[in-house]
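**Student:** Requesting a structural model of the entry that follows:
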Amino acid sequence: MPLPRMFAVLPFLLASALVIAGSAGCNSNDPDQRARDERTRDEVAKATERAKPELQEAGRKLGEAAHDAADQARAAAQGVQEGWNNLQHPLVDLNSASETELLDLPGINRPAARRIIAGRPYRDKHDLLDKNILSGPGYQRIRDQVTAK
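**Tutor:** Now for the predicted structure:
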């Protein structure tokens, strides 16, 4: 049964439950009232029994849809991460970069940028370590973003 049709059954069930609840509050010993109460209980029980498989199927489909949505969200997050990591910035040339360009590198402050400029020329980016321009951890932060041309 389509989801909209299933939800059409719910008001009937709720209305029936209210009728039962309202009639349960009456302590009438009237045999006609008891017969009506019994019929109402039977009708609601049958309606619930008929709706139960459809509600269970709808619950299963909602669970599958939630699982699919979670898979799609995970895939999208991985795509964002890969796109972010693959974003290629042009390498900064240690021999020609301005102080401002060097300051854009992670962990490079103004004194470090000035030491890099003062230590030129570089044959290789590893010269930053060989000439004691940067510490090992400082070099590790920028090594993939610099070159020496």
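**Student:** Residue ranges of each domain in this structure, please.
**Tutor:** 3-86, 92-147 (automatic domain parsing).
**Student:** Just put those domains in JSON lines and tack on mean pLDDT and mean neighbour count.
**Tutor:** Just so you know, the C-beta spots here come from the backbone N, C-alpha and C atoms, and that holds for glycine as well. Formatted as JSON lines, the domains of the chain follow (pLDDT from 0 to 100; neighbours: other Cβ atoms under 10 Å):
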{"stretch": "domain 3-86", "mean pLDDT": "78", "mean neighbour count": "11"}
{"stretch": "domain 92-147", "mean pLDDT": "95", "mean neighbour count": "15"}
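**Student:** Report the next helix or strand after the top helix by length along the chain in sequence order.
**Tutor:** For the chain, the helix with the greatest residue count under DSSP state H is helix 31-86. Using DSSP states H and E, the helix or strand that directly follows helix 31-86 along the chain is strand 92-93.
**Student:** Which elements pack onto that next one?
**Tutor:** On a contact count with 3 or more Cβ pairs under 8 Å, 6 or more residues apart in numbering; DSSP states H and E, strand 92-93 meets strand 146-147.
**Student:** Now with 10 Å, please.
**Tutor:** helix 99-103, strand 146-147 (3 or more Cβ pairs under 10 Å, 6 or more residues apart in numbering; DSSP states H and E).
**Student:** Quick one: these as CSV, columns for distance to Asp32 too.
**Tutor:** Below are the helices and strands packed on strand 92-93 laid out as CSV (distance: least, Cβ to Cβ, whole Å):
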stretch, distance to Asp32
helix 99-103, 91
strand 146-147, 93
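**Student:** what does stretch 126-135 contact?
**Tutor:** Outside of stretch 126-135, the residues within contact range by Cβ atoms under 10 Å, 6 or more residues apart in numbering are 94-95, 107-108, 112, 115-124, 136, 138-143, 146, 148.
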